[in-house]
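In: Need coordinates for the following:
(one chain, ligands or ions: 2)
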Amino acid sequence: MASGASSHANYSIPIEQGNQFLEIRQSHIHGTGGYARQDIPAGTRIIEYVGNYISKAESERRCEADNAYIFTIDAEKDLDGNVTWNPARFINHSCAPNCEAEWDEGRIFINTLRAITTGEELTFNYGYDLEDFQNHVCRCGAPECPGFILAEEYWAEARHLLTQQTASRPPRATNSAA
Ligand SMILES: C[S@@+](CC[C@H](N)C(=O)[O-])C[C@H]1O[C@@H](n2cnc3c(N)ncnc32)[C@H](O)[C@@H]1O
Ligand SMILES: [Zn+2]
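Out: Residues are numbered from 1 along each chain as shown. Ligands and ions are numbered 1, 2, ... in the order given. Sure, this is the predicted structure:
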């Protein structure tokens, strides 16, 4: 097998370009995204999300430097997937995702939630909490999207906070000639 190629069945695909399930190309949601290279049944393990394991302190430093590729692993360590050999890092968030992240003994895998058709963009819910949620505007386009990248359990609270903000805002000055 050529060096740097995927270890999956179609080993002619360089790892930076995905694998037999995952194709990396420009996304309609944001920047670069991951797309289905073939029809994929529900419950399929698409790819492992790989990278470097880092301490919590290092993770905090990298998050503050706007690294958007870090996954929580456990109480001691996180996984920084911002490496060229991790094409899974391009998979975007959606509020109506067709994949999910699975934690398995300190490793992370991206699995399909339902049957997926060739050419569909692959997405999962990033599971963000409410901290600074207004800095993470979501452009997934799903009808149920609350407008921000958030775990579904926080949608109601986010909508409530936004309503409160709107209600407490002073009325806009009107341009009246009277
Ligand atoms: C792990 S990267 C995903 C790959 C990214 N599209 C790229 O080109 O590098 C995560 C970043 O992609 C963007 N992103 C992912 N999903 C998004 C969404 N639904 N709406 C808006 N931006 C999104 C955000 O900037 C987020 O911090
Ligand atoms: Zn959304």
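
In: which stretches of the chain aren't confidently modelled?
Out: Low-confidence segments of the chain (pLDDT under 70): 1-11, 173-178.

In: Report the contact partners of whichever residue of the chain sits closest to ligand 1.
Out: The minimum distance from the chain to ligand 1, using Cβ to the nearest ligand atom, falls at residue 31 (2.4 Å). In short, each C-beta sits where N, CA and C put it, glycine included. Under the criterion of Cβ atoms under 8 Å, 6 or more residues apart in numbering, the contact list for residue 31 reads 90, 92.

In: Now it, what are its backbone angles?
Out: Note on residue 31: backbone dihedrals following degrees, to the nearest 10 are phi 50, psi -130.

In: how near is the spatially most central residue of the chain to ligand 2?
Out: Centroid-nearest residue in the chain: residue 93, 3.6 Å away (criterion: Cα atoms, centre = their mean). As judged by Cβ to the ion, to the nearest Å, residue 93 and ligand 2 stand 7 Å apart.

In: Quickly list what that residue is bridged to.
Out: With DSSP bridges as the criterion, residue 93 is bridged to residue 124.

In: Near ligand 2, which residues of this protein are found?
Out: 95, 138, 140, 145 (Cβ under 5 Å from the ion).
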